[in-house]
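Engineer: Quick one: sequence and predicted model below, then my questions.
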Amino acid sequence: MKPTDKLRRVAEATTQEEWRYYHNEIGTGVAGKMADIAHCRGFYEGGRTVEEEKANAQHIATFDPPTVLRLLDTLDQMAAVLHECSSDYNHPYFTDRRGTGERITKALEAYKKLGERE
C-alpha cells in the first residue's frame, strides 16, 4: 500500500471533471460542468470575508480530482526514483559530499506521511 492510496481513494470518489470557481450576487462556490460542487451562501458577522470565501473556493477548484490524481501519480513516480537512488547513496564506497543521501531519506520520510492528518 502506497502512502498516496488514501488520498487517491478520496479523489477518485468525487465528481471526475474539471472544477471552476465562481463568485456572483448569490455567493461564492465551486462548480463542475453540470452542477455546483460546493456553495457558500451569504456572509454573517464574525464569519469569513468575501475575499476569504473567494480564496477558499479558488483553492478547491484549483485542486480538482483530475489535478490531484496527476499530482499523486507524479509523487509516486518521484518516490520510486528516490527509493532506487537511495541504495546508491548507501554504498560503502560512495562519498556523499553534498548530503544528497540524507536529503533523499528526508524526502522519502515525508512521502510516507502523505495522507496523514497532523
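Structural biologist: Sure, I can see it. Just so it is clear, the model here is predicted, and its values are computed rather than measured. Residues are numbered from 1 along each chain as shown.
Engineer: Any regions of the protein where pLDDT drops low?
Structural biologist: Residues of the chain meeting the criterion pLDDT under 70: 41-46, 89-95, 117-118.
Engineer: which residues in this protein form helices?
Structural biologist: 5-12, 50-62, 65-89, 100-112 (DSSP state H).
Engineer: which stretch among those helices comes nearest Gly29?
Structural biologist: Taking C-beta to C-beta, helix 50-62 is the member of the helices of the chain nearest to Gly29, at 5.7 Å. For every residue, glycine as well, the C-beta is placed using N, CA and C.
Engineer: which helices and strands does that closest one pack with?
Structural biologist: strand 20-23, strand 27-31, strand 36-41 (3 or more C-beta pairs under 8 Å, 6 or more residues apart in numbering; DSSP states H and E).
Engineer: May I have that helix exported as CSV, CA atoms only?
Structural biologist: What follows is helix 50-62, C-alpha atoms only, in CSV (Å, rounded to 0.1, in the frame of the first residue of the first chain):
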residue,chain,number,x,y,z
VAL,A,50,-15.8,37.8,0.8
GLU,A,51,-12.1,37.7,-0.1
GLU,A,52,-11.5,34.6,2.2
GLU,A,53,-14.5,32.8,0.6
LYS,A,54,-13.2,33.6,-2.9
ALA,A,55,-9.7,32.3,-1.9
ASN,A,56,-11.2,29.1,-0.4
ALA,A,57,-13.4,28.5,-3.5
GLN,A,58,-10.4,29.1,-5.9
HIS,A,59,-8.3,26.7,-3.9
ILE,A,60,-10.9,24.0,-4.0
ALA,A,61,-11.5,24.5,-7.7
THR,A,62,-7.7,24.5,-8.5
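Engineer: Check the offset of that helix from the chain's centre.
Structural biologist: Averaging C-alpha positions (C-alpha atoms, centre = their mean, to the nearest Å) puts helix 50-62 16 Å from its chain's average.
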